[in-house]
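Q: Sequence and predicted structure are below.
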Amino acid sequence: MTSAPSDRAWWRAALAVFAVGWGANQFAPLLLLYREEQGLGQTEVTAMFSVYIVGLLPTLLVAGRWSDAHGRRVLMRPVLVLSLVATVLMLLGPQDPLWLYLGRFLAGLASGAAFGAGSAWVRELSAGAAPGTGARRAAIALTGGFGLGGLVGGLVGQFAPGPMISAYLPHLVLGTIALVAAWNAADPYRPHGGADPAGLIPSSAGTRRFLLGVAPWAPLVFGCASMSFAVLADLLGGDAGGLPTAYAGVMVGVTLGAGVLVQPTVRRLAASSPPSRPPVIGLTAAALGMSAGAVLAASPDLPGRALWLLPVAVLLGAGYATLLVAGLVEVEFQSGPRDHAGLVAVFYVLAYLGMATPYVLAVLSRLGGPEPWIAALAVVCVLLIPLAQRQLR
């Protein structure tokens, strides 16, 4: 245990979350590159993208509860090392695609351990700030890492030599810096130790308010994000002037950059409005973005179609960020010190189910193409609005 943290101690924990988020999403803009360079199919590369959640989901639950019992920093140290190991394995991808599956799986393991416990760590180091500040800082760290990791990965993958190697080098540098910075960072949480009688899933996850007010729309958090930069950017990348990898990277940056920019506004909105308003706004943005995306995907002859994805990416990024902050703020409201990391983990488990969107759409697209399924998701967003309004009063 350390002494009381300073007002700025939170940035070390935030940097750790940021670095793991970077490592998790650096692969996203490289899907087309692996298809072209290694002859992989659409279903294969989207499976590589989505296998990440196979590692992520169970560790989100286990690591969150474990950190409630033992502390945050003691978990984050090996997690940062594991994130670096995952990137090293991705460097071996040109030799055998199996390394890509393994690297993505390990990146999921690292992310699952980091995002629940790491978000709780940031929140606890922000205890003296205004209500909701910790949730906002954690969300910005996560979103910023995701966004810059994908943007830099796409730009390096497009313009640097040896793109399937060089695209991963920035994370090796960043991850090492984050490991050094976070190693002895303050950890104000006092673990209670021993086995947790509540099990992996805290009782707060079984309340009506969580099950009906948060859980139904939680998968749309990363459903919005992956729809923009892993589905639509891939469908429209052929119209990007011969720069499909850079285009995908830019769409990652635009989507998640828009998310970072709106998060302070969402936090203020959450503090001054009924609890249902932020998720309703997020679902509205998601519905509009997915509807517009379906139209673009179905309009191959539209002039400048690739550029029209920019405002759509902003809408989906706003939907992603609004739902993310709304969920974290609601989790903070519904949980206490002993189950906060556990409930954050449950929320992220649900949110990360949306990362399977590209793979699911690739499979469903065999039945009539992707456009009707994208439009169907927009309809789901609309149908969830009245449910959120009723449950989060």
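A: All right, it came through fine.

Q: Report the separation between F333 and A246.
A: Distance, F333 to A246, by CB to CB, to the nearest Å: 41 Å. No exception for glycine: its C-beta is placed from N, CA and C like everyone else's.

Q: more neighbours, these two?
A: Counted by other CB atoms under 10 Å, F333 and A246 do not tie: A246 has more neighbours, with 20 against 14.

Q: What residues of the host helix or strand of that one count as buried?
A: Per DSSP states H and E, A246 falls inside helix 244-272. Neighbour-count burial for helix 244-272, counted by 16 or more other CB atoms under 10 Å, picks out 244-260, 262-263, 266-267, 269-270.

Q: quick one, helices of the stretch 51-200 of the chain?
A: Remark: helices assigned in the stretch 51-200 of the chain by DSSP state H, counting those that start in this stretch are 73-90, 97-125, 133-159, 163-166, 169-183.

Q: Out of these, flag the one nearest S228.
A: helix 133-159 (10.4 Å; CB to CB).

Q: what's the burial count for S276?
A: 20.

Q: Can you tell me, leaving aside adjacent residues, what's nearest to it?
A: Leaving aside its sequence neighbours, S276 sits nearest to L392 (CB to CB, 6 or more residues apart in numbering; 3.9 Å).

Q: ok, so what distance separates the one you found from E330?
A: Distance, L392 to E330, using CB to CB: 7 Å.

Q: Compare the two (neighbour count), which wins?
A: Taking other CB under 10 Å, L392 and E330 do not tie; E330 has more neighbours (24 against 20).

Q: Let's see the pLDDT reported for the more buried one.
A: Note on E330: pLDDT of 88.

Q: How about the contacts made by the nearest residue to it once chain neighbours are set aside?
A: Setting aside the residues directly before and after it, E330 is nearest to V214 in space (CB to CB, 6+ apart), at 5.6 Å. For V214, the contact set (CB atoms under 8 Å, 6 or more residues apart in numbering) comprises 279, 327, 330-331, 347, 350, 392.

Q: could you say which helix or strand contains the residue nearest the centre of the chain?
A: When CA atoms, centre = their mean is applied to the chain, the residue found nearest the centroid is F222 (5.7 Å). Per DSSP H and E, F222 falls inside helix 220-226.

Q: Whichever helix or strand comes after that helix - contacts with which helices or strands?
A: Next in sequence after helix 220-226, counting helices and strands by DSSP H and E, comes helix 233-236. In terms of contacts (3 or more CB pairs under 8 Å, 6 or more residues apart in numbering; DSSP states H and E), helix 233-236 is packed against helix 244-272, helix 277-297, helix 305-334.
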